[in-house]
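K.L.:
Make a model of this:
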Amino acid sequence: MNMAVAPQPLPIWKRPIRIGRRQAGLSVEAMAALIRQLATLAAVMPISDAVATLARQPGKGPEKAVLASTNRALQSGTTLAAALPAIFPPDVRATVAAGEASGKLPILLNRLADTLEAQAALRSRLLAALAYPLLLVLVSLVVIVAMLVFVVPAIAEQLLASGQGLPFLTRAVLALSGFFSAAWPLLLALGLAAGLGLKMALARPAARARIDDWLLRLPLAGRWIGMAEAVRMARLLATMLAAGLPLSEALGITAPTLRNSQWNAAALGMAARVRAGSSLTATLPLLPSPPPLFVALVQSGESSGRLVPLLESAAASLDRQLSDRSRTMLALAEPIIIIVLGSLVGLIILAVLLPILQLNTLAGASIGGR
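P.N.:
Coordinates of the predicted model:
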């Protein structure tokens, strides 16, 4: 009689993420802090006791919900990787699973916290650098639109009532002001439609791939995106390889975390080739214009058997370069933004003042003629 063979359970990093009840999300910073606390306690007590201890501590709602859910699952006898809620990304769950299998969970939890903290720090630096230019552009555009919609029409009535011919610049600004005053609902609707259309296009893989490919071809933005993706790939690969995951599995888990679809597809192709027996160095040409430093350190690390430390070195070096270049680009952009927007405001003011100066000149001439 044929006996049915029970299927072997898949590793945690191959299992589909099951979405249960909706839970409050955790920021990267909060997730890193939670994993760091778990690493500290797991070094001196069993992981189930560590989670139970943290669950009893006072804290914010999302963290409390995550810890309570994880604690209930651990009490039923499951592993930490399986007990983590679905809000934890696949790379975190896979690293935890590998740490439990290798018996190096506290060490790998600390490495995982380092990785998440580095990602959060890079994002915070970039957002902080972008905050001032974006605020400057927003305020300037609001001032320009307010002048065209409210200030210029009020002055235009007096200028037209004088019966004098208006300079070309003034007529152009009055025409632009009339257009904005009459068509601002249409412009707002077009802006919202364009934003919605872009969002829908990005949701389609083919359109997203074309947009991402176009972004990578831009002279400055393409290099910046490539460096950011290389930092993310190097850091996650180092963490998961240190956790004991095979290189092909680590590449497969890293791929969904890469935000550019071209890098995502390249990482999946690299995983398939490595699984077929290729070396990591031989798959690097699949990446779309990777930074030379990343390629050199990966080649050196694989040939010397020190891939993990050299991946970490590549992530740290590229992280510094990315921050430095971002600060330099934004430092150059700020005066350009000020000059361009200041010139627009100055042209509007000049368009209003020119006819007023003409009226004063005519009035002075008429008085002098008497």
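K.L.:
quick one, domains of the protein?
P.N.:
For the chain, the structural domains run 28-117, 125-363, going by automatic domain parsing.
K.L.:
Could I get the ones you listed in a markdown table, plus columns for mean neighbour count and mean pLDDT?
P.N.:
Backbone N, C-alpha and C define where each C-beta goes, glycine included. Listed next are those as a markdown table, based on neighbours: other C-beta atoms under 10 Å; pLDDT from 0 to 100:
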| stretch | mean neighbour count | mean pLDDT |
| --- | --- | --- |
| domain 28-117 | 19 | 83 |
| domain 125-363 | 16 | 84 |
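K.L.:
Give me the most central residue, this structure.
P.N.:
R123 (6.8 Å; C-alpha atoms, centre = their mean).
K.L.:
And that one, how far from S317?
P.N.:
18 Å (C-beta to C-beta, to the nearest Å).
K.L.:
I'd say R208 and K199 touch.
P.N.:
No - R208 sits out of contact with K199 when judged by C-beta atoms under 8 Å, with a separation of 10.8 Å.
K.L.:
And T79, how close does it get to V96?
P.N.:
8 Å.
K.L.:
ok, now L126?
P.N.:
Taking C-beta to C-beta, one finds L126 at 28 Å from V96.
K.L.:
What of E29?
P.N.:
19 Å.
K.L.:
now that we're looking at F180, which residues does it contact?
P.N.:
Going by C-beta atoms under 8 Å, 6 or more residues apart in numbering, F180 touches V145, L148, V149, L187.
K.L.:
what about the helices in the stretch 201-350 of the chain?
P.N.:
Ranges of helices in the stretch 201-350 of the chain, per DSSP state H, counting those that start in this stretch, are 205-217, 221-242, 247-254, 261-275, 280-283, 292-304, 307-369.
K.L.:
Kindly reformat those as CSV and extend each row with distance to L192.
P.N.:
Listed next are those as CSV, based on distance: least, C-beta to C-beta, whole Å:
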stretch, distance to L192
helix 205-217, 19
helix 221-242, 25
helix 247-254, 36
helix 261-275, 25
helix 280-283, 43
helix 292-304, 39
helix 307-369, 23
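K.L.:
so which of the ones you listed gets nearest L108?
P.N.:
helix 221-242 (6.7 Å; C-beta to C-beta).
K.L.:
For that closest one, which helices and strands make contact with it?
P.N.:
Where contact means 3 or more C-beta pairs under 8 Å, 6 or more residues apart in numbering; DSSP states H and E, helix 221-242 is packed against helix 90-102, helix 105-146, helix 205-217, helix 247-254, helix 261-275, helix 292-304, helix 307-369.
K.L.:
tell me the angle of the fifth one relative to helix 205-217?
P.N.:
In this case it means helix 261-275. Between the axes of helix 261-275 and helix 205-217, defined by axes from the mean of the first three to the mean of the last three C-alpha atoms, to 10 degrees, the angle is 100 degrees.
K.L.:
same deal with the longest one?
P.N.:
Taking the same axes, to 10 degrees, helix 307-369 and helix 205-217 form an angle of 80 degrees between their directions.
K.L.:
For the remainder of this discussion, apply numbering that starts at 41.
P.N.:
Shifting the count to begin at 41 puts that one at helix 347-409.
K.L.:
Check the offset of helix 347-409 from the chain's centre.
P.N.:
25 Å (C-alpha atoms, centre = their mean, to the nearest Å).
K.L.:
Give me the helices and strands touching it, please.
P.N.:
helix 145-186, helix 192-201, helix 208-243, helix 261-282, helix 332-344.
K.L.:
I'd assumed A306 was in contact with L327.
P.N.:
Yes - using C-beta under 8 Å, L327 is in contact with A306, at 4.8 Å.
K.L.:
who touches the closest residue to S221 other than its chain neighbours in this structure?
P.N.:
Of all residues beyond its chain neighbours, the one nearest S221 is V189 (5.4 Å), with distances taken as C-beta to C-beta, 6 or more residues apart in numbering. By C-beta under 8 Å, 6+ apart, V189 lies in contact with S217, F220, S221, W224.
K.L.:
Could you do L387 as well?
P.N.:
Taking C-beta under 8 Å, 6+ apart, one finds L209, V213 in contact with L387.
K.L.:
repeat that for 7 Å
P.N.:
L209 (C-beta atoms under 7 Å, 6 or more residues apart in numbering).
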